[in-house]
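[1] Any chance you could fold what I've pasted below:
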Amino acid sequence: MTAVIETGNHIAQLPDGRQRRTCAERFAGVLRTVVEGKAPWALNEVEWDAAHLNALIGGGSTGSSLVEHACNQLGCGDLNILIERDRYLARTSGVAATVWTLDALLASYA
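    The predicted model follows:
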């Protein structure tokens, strides 16, 4: 969920309107393939319930809380990506899930 939101935000901030439209159309197409079950990966349905928020507050498997991460400049969006990955891995077996990122701080937890 967070990766989709962040990707959409980055597309919306592109300075060139034509690039914005092209990227938005491609992104919508990718999301359509996920909804239709045609993507090479499965949709990870995440509920923002009490368990999810408690995991976010506790920092999931990172060993640090949301507060500690905020003080160390790991944003809530990045932390939520890690929480979503943890919850996905807890629901599946025999699957490896990694987080692809160019952000050094997020990558240190991924």
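[2] make it CA atoms for all contacts and neighbour counts henceforth
    Noted.
[3] Okay, now the unreliable bits of this protein?
    Per-residue confidence of the chain (counting by pLDDT under 70) places no residue in a weak region.
[4] quick one, longest helix in it?
    helix 17-35 (DSSP state H).
[5] The protein: helices as residue ranges?
    Counting by DSSP H, the segments of the chain that form helices are 2-12, 17-35, 50-58, 66-71, 76-91, 104-109.
[6] Make CSV out of these and add distance to residue 42 and mean neighbour count.
    Formatted as CSV, the helices of the chain follow (distance: least, Cα to Cα, whole Å; neighbours: other Cα atoms under 10 Å):
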stretch, distance to residue 42, mean neighbour count
helix 2-12, 14, 13
helix 17-35, 7, 14
helix 50-58, 20, 16
helix 66-71, 28, 16
helix 76-91, 11, 18
helix 104-109, 22, 13
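[7] And these: which comes nearest residue 98?
    helix 76-91 (7.6 Å; Cα to Cα).
[8] So which elements touch that closest one?
    helix 2-12, helix 50-58, helix 66-71, helix 104-109 (3 or more Cα pairs under 8 Å, 6 or more residues apart in numbering; DSSP states H and E).
[9] got TSV for the ones you listed, with distance to residue 85 too?
    As requested, these are arranged in TSV below (distance: least, Cα to Cα, whole Å):
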stretch	distance to residue 85
helix 2-12	11
helix 50-58	12
helix 66-71	16
helix 104-109	11
